[in-house]
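Student: What follows is a predicted protein model with its sequence.
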Amino acid sequence: MHTKKLLLIAPLLLAAVPAALDPVRVAPHIYDVAFENDRVRVLKKIIRNGETPPLHAHPDSVVVYLNPCAWMEDDGEGGKRMQSFKFGEPTWAPAGTYGGQTSNVVQECHVVVVELLE
């Protein structure tokens with residue numbers, strides 16, 4: 001009986017982001033809520049060069065780039081690689097904790113983050 005209840009609650013626990021790691025709460029200068037209901041939350045995000053976002057978390061999300069965006073990132077082998085996205089390009093972002101690294105964008109990036117709450 002307890003196993004069934006836990007299985008029903010588990011997806012809700014995975015989708016929830018602790019208030020202390022809510023990106024809108026910890027980084028209102030980067031994130032703004034554009035739309036929200038019980039199934040999704042849509043955030044507008046601006047990535048600026050030289051800015052270091054604080055530690056925050058997102059549930060599984062779809063990210064759509066509103067302008068061409070490019071930046072350098074570590075390749076995990078001691079080198080760097082260019083990461084770039086085209087206008088309108090959607091990408092999948094798995095649930096996780098982000099932040100703490102200074103942005104190194106070629107130009108300011110505007111994105112829409114659609115957080116899946118269910």
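Tutor: All right, it came through fine.

Student: Relative to Asp74, how far out is Ile46?
Tutor: With the distance defined as C-beta to C-beta, to the nearest Å, Ile46 ends up 22 Å from Asp74. Any C-beta I mention is one placed from the backbone N, CA and C, and that applies to glycine too.

Student: Settle it for me: which of the two has more neighbours?
Tutor: Here Ile46 and Asp74 are compared on neighbour count by other C-beta atoms under 10 Å; more neighbours surround Ile46, at 14 against 10.

Student: tell me the mean pLDDT over stretch 74-89?
Tutor: Confidence for stretch 74-89, expressed as mean pLDDT, is 89.

Student: Sorry, wrong one. I was asking about stretch 55-68.
Tutor: What stretch 55-68 shows for mean pLDDT is 96.

Student: If you count neighbours, what's buried in it?
Tutor: Taking 16 or more other C-beta atoms under 10 Å as the neighbour-count basis, stretch 55-68 is seen to contain the buried residues His56, Ala57, His58, Pro59, Asp60, Ser61, Val63, Val64, Tyr65.

Student: and what of stretch 105-116?
Tutor: Burial within stretch 105-116, assessed by neighbour count using 16+ other C-beta under 10 Å, is assigned to Val105, Cys109, Val111, Val112, Val113, Val114, Glu115.

Student: coming back round to it: in helices, which of the buried residues of stretch 55-68 appear?
Tutor: Secondary structure defined by DSSP state H assigns none of the buried residues of stretch 55-68 to helices.

Student: which one of the residues you listed is nearest Tyr98?
Tutor: Proximity to Tyr98 was ranked across the buried residues of stretch 55-68 by C-beta to C-beta; first place goes to His56, at 5.9 Å.

Student: what about the helix or strand hosting Trp71, distance to the chain center?
Tutor: Secondary structure here is read from DSSP states H and E; on that basis Trp71 sits in strand 69-74. Relative to the chain's own centre, strand 69-74 is displaced by 15 Å; criterion: C-alpha atoms, centre = their mean, to the nearest Å.
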